[in-house]
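Enquirer: this one's sequence-less:
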C-alpha cells in the first residue's frame, strides 16, 4: 500500500514489508551514526520512502522521536529527490538525540554518494 504526503505529491511512503525487504536485499546502502540509508531505483514515476526504528532504539516514545527526526529531514530534502527511487531510512541509537538538520546533512551526503542527488 502506498499513501501520499499532502504537501509533497511526488514523494510517497512505503508501507508494505515486501517493499522494505526488497530494498534491504537489492538496494545500495550507506551507514552513519544517525541513520542507515537504502536506495533502489523503481520503475515508477514517483519516489517513495520508508522509515524504520527497531526496538534496539528504545521504547515507543524514543522510536517515535527518531522517526519524526528522520521524517523532518526527508521532507526538507524531498524537492531535491528525483523521481524513480525507493528510499528506506533506518534509525540508529543516536538518532533520537540529534536535531533534524544534522540527520538531513547525513542523509544528503548518503544520497549524493549513492548517486541519487547531483
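Expert: That came through fine. These numbers come from a predicted model, not from an experiment.
Enquirer: when you work out contacts or count neighbours from here on, use the C-alpha atoms and nothing else.
Expert: OK.
Enquirer: in what helix or strand does the residue nearest the centre of the chain lie?
Expert: By C-alpha atoms, centre = their mean, the chain has its centre lying nearest to residue 89, at 3.2 Å. Residue 89 is part of strand 85-91 when elements are defined by DSSP states H and E.
Enquirer: report the distance from that strand to the chain centre.
Expert: 3 Å (C-alpha atoms, centre = their mean, to the nearest Å).
Enquirer: likewise stretch 16-32?
Expert: Worked out by C-alpha atoms, centre = their mean, stretch 16-32 lies 10 Å from the chain centre.
Enquirer: ok, and what's touching it?
Expert: With C-alpha atoms under 8 Å, 6 or more residues apart in numbering as the test, stretch 16-32 has contacts from 1, 14, 36-40, 50, 86-88, 106, 110, 114.
Enquirer: who does the following helix or strand past the strand holding residue 89 touch, helix- and strand-wise?
Expert: Counting by DSSP H and E, the next helix or strand C-terminal to strand 85-91 is helix 100-113. Contacts defined by 3 or more C-alpha pairs under 8 Å, 6 or more residues apart in numbering; DSSP states H and E place helix 100-113 against strand 35-41, helix 60-77.
Enquirer: rewinding a little: out of the contacts of stretch 16-32, which are buried?
Expert: 14, 36-40, 50, 86-88, 106, 110, 114 (16 or more other C-alpha atoms under 10 Å).
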